[in-house]
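In: Any chance you can model this:
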Amino acid sequence: MIHKSTDVIIRFMLALLGAALAASANAVPTITPGSTPVGSWAATAVPGVQGTGDTTDVVMAWDMVKRQPLTATDNRVCVIAFHKPNATEYGNGVRNAMNKVTFIEDNGTAVDVPIAQTTTVNRTGGVVSEFCVDSTLTGLGTNQPTEFRAIGYPTNGQPVVLQGDDTNIYNNYTSSSIKGRFSFFAQANYSPTRYYVGGTGASDSNSCTDSTHPCASIQGAKAKITSNFQNQEVCLQEGKYNLNSTSNTTFRAVTDGWWTITTCPGAAKANTIINSWGASNVNGAYVQLTRLKNLTITNPKLVNADGSVTTNNGYWLDNVDWINQAALCLNVGTTCDYPFFANQGKINGGIFATDTKFSNFNNAPNKAALERNVTVDSINSDSFQNVFVVINATVKNVLYCCSAHPDLNQMSDIGTIYNHIIAYVTATVNVSQQGPFQSMGGALYNAWYDHITFDGSGGTPSWNVMNMSNGTENINMTNMSLTGDLAVVAGGGSDAYFADNVCTKGGSGMGTPTGWTIRNSATCQ
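Out: Residues are numbered from 1 along each chain as shown. Coordinates of the predicted model:
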């Protein structure tokens, strides 16, 4: 006979063991780099079709900024991935028919992450389950480049491999040979060289290498950097900064990785402000892999890419509040400002926005590679225009005016696009725009729209709930609530759509468009 107190202890220990096993099952796996130098790793073979009855591709993308720094405390690498379930899988309760993602770093030992071991990552607001690994960074030196590849396996369907050059991301996305899939190259054991700007005794004749001998201007600190700008950092004490430049090249730098302009330790973002590029820079400052971090920017003369640098130009907005101080334009063609966010035609290295807010613009960044944890507030056109990956976003106060055509996200008038993901977006407060819109100049392949809550009804004029009109294949929509005033415009013919748990309100509802597989559709209540 077991004594009651002993029984309690046994039950307690079994509970602890169960909790430990559950935690172990859900722990993020670690990955150890191999020894193959970046640039010397041969191509990874693409596996053949898995299972039977389905040959469509996995939809998968990095939830990472290219050339992102990794440290011992910030070493997580993630992808977001989806494959539609077949009828049998769906009947068994499967809603994402991914089997696993295999990660490899520098040609080292492969690490499998099964779908049962996906993790909710804090970087994405605590709601998105992703396939992740934590790198040990073992054997890598300070600021040493490291390459990650990922192979996404569905239960039934075609695996994909994320590998290859990331230099010109925009070109990669429009190239049918690369299909928007590239390696994630990171800077391991990141440790920047820092230059200080602002505060007591500031002078551009100082060394600027410590807080007691700061420069007076961003240009003065930049002038101290005499070689590659990679892993260089200019930090600003609290204050307002005007670049006072006479040319657009103030930010131009020779770099293979990010150089950063940020707040100094202890400085508050709200009190550290860039408020002018200089009177001559109508189109903004040219950039090449420039990271703006923890700053408030209040000037409507916007960041441009450097047309004289033909590769790898782009910028990363990291925890930035970018607010156009001019009133939102409601009278185009007269006297008010009507700023687009960027001259995207010269951006080929990628636009990235993380933990950032955009206010009082015509539209947020056009052709961004990744927007994560962003807020778009007070615009009069597209919340996301030709953006390839959006994860966690809030849209509000879309104030339609004039000749603009506002869409929640617009994919149009560009070449062929592969791997397009928009996940966890809420746009319900004072939104006068059309829902998801796609009308490609080329074609859109392998897309996933997930957990989108949209209400564009009640505005003037009326807008469609959704408009997916042409040139598409393997477009997946899951867990969406879309409300508008007019119809759902759906592609047909050779287009292939999968919709699960999608409710619409407005017009004729989802119906049964040709080429669509629709499960659990309803009218939004």
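In: Please tell me how far residue 411 sits from residue 74.
Out: Distance from residue 411 to residue 74, counting by C-beta to C-beta, to the nearest Å: 32 Å. Every C-beta, even on glycine, is put in place using the N, C-alpha and C of the backbone.
In: quick one: low-confidence parts of the stretch 301-450 of the chain?
Out: Confidence mapping of the stretch 301-450 of the chain against pLDDT under 70 gives the ranges 301-313, 325-349, 401-404, 413-415, 439-442.
In: All the strands of it, residue numbers only.
Out: Shown for the stretch 301-450 of the chain, the strands assigned by DSSP state E, counting those that start in this stretch span residues 304-305, 314-318, 321-323, 350-361, 370-379, 384-385, 389-398, 409-412, 417-431, 437-455.
In: Does the closest residue to residue 163 other than its chain neighbours fall in a helix, a strand, or a coil region?
Out: Leaving out its chain neighbours, the residue that sits closest to residue 163 by C-beta to C-beta, 6 or more residues apart in numbering is residue 149, at 4.6 Å. The three-state assignment at residue 149 reads strand, by DSSP: H, G, I helix; E, B strand; the rest coil.
In: Got the confidence number for residue 81?
Out: Note on residue 81: pLDDT of 95.
In: er, residue 21 I mean
Out: On the pLDDT scale, residue 21 gets 43.
In: ok, residue 411 and residue 74, which is more surrounded?
Out: residue 411 (25 against 11; other C-beta atoms under 10 Å).
In: Please look at that one and residue 418 and confirm they touch.
Out: No. The pair residue 411 / residue 418 is not scored as a contact, 11.7 Å apart, by C-beta atoms under 8 Å.
In: Can you list the low-confidence ranges for the stretch 51-200 of the chain?
Out: Counting by pLDDT under 70, the stretch 51-200 of the chain shows low-confidence ranges at 121-127, 170-179.
In: run the last query once more with 90
Out: 53, 66, 119-129, 165-181 (pLDDT under 90).
In: For it, just list every one of the strands.
Out: Under the criterion DSSP E, counting those that start in this stretch, strands of the stretch 51-200 of the chain are mapped to 59-62, 76-82, 98-105, 111-114, 119-120, 129-135, 144-154, 160-162, 184-188, 193-197.
In: Any buried residues in stretch 204-222, and which?
Out: 206, 208, 211, 214, 215, 216, 217, 218, 219, 220, 221, 222 (16 or more other C-beta atoms under 10 Å).
In: residues in contact with residue 316?
Out: 65, 258, 289, 290, 291, 292, 293, 351, 352, 353, 354 (C-beta atoms under 8 Å, 6 or more residues apart in numbering).
In: right, and out of the buried residues of stretch 204-222, which lies closest to residue 376?
Out: Nearest to residue 376, judged by C-beta to C-beta, of the buried residues of stretch 204-222 is residue 218 at 27.1 Å.
In: Hmm, residue 143 is touching residue 230, no?
Out: Yes. Assessed by C-beta under 8 Å, residue 143 is found in contact with residue 230 at 7.5 Å.
In: Those two: who's more crowded?
Out: Neighbours were tallied for residue 143 and for residue 230 using other C-beta under 10 Å; the higher tally belongs to residue 230 (20 against 16).
In: quick one, phi/psi of the closest residue to that one other than its chain neighbours?
Out: Of all residues not flanking residue 230 in the chain, residue 257 sits nearest, at 3.8 Å (C-beta to C-beta, 6+ apart). Residue 257 adopts backbone torsions of phi -150, psi 180, taken as degrees, to the nearest 10.
In: So what's the residue count around residue 257?
Out: Quick note: residue 257 (other C-beta under 10 Å) scores 22 neighbours.
In: Would you agree it is in contact with residue 290?
Out: No. With contact taken as C-beta under 8 Å, residue 257 and residue 290 are classed as non-touching, separated by 11.0 Å.
In: so residue 291 bridges to which residues?
Out: For residue 291, the beta-bridge partners are residue 260, residue 316 (DSSP bridges).
In: Can you tell me the SS state at residue 228?
Out: Applying three-state DSSP: residue 228 is coil.
In: distance of it from residue 288?
Out: 11 Å.
In: Ok, residue 183 next?
Out: In terms of C-beta to C-beta, residue 183 sits 20 Å off from residue 288.
In: And residue 454, how far from residue 38?
Out: Noted for residue 454: a distance of 41 Å to residue 38, by C-beta to C-beta.
In: still on that earlier bit, which member of the contacts of residue 316 is positioned nearest residue 484?
Out: residue 353 (26.3 Å).
In: I'd say that closest one and residue 374 touch.
Out: Yes. Counting by C-beta under 8 Å, residue 374 is a contact partner of residue 353 at 5.4 Å.
In: where do the contact lists of those two overlap?
Out: Both residue 353 and residue 374 are contacted by residue 364, under the criterion C-beta under 8 Å, 6+ apart.
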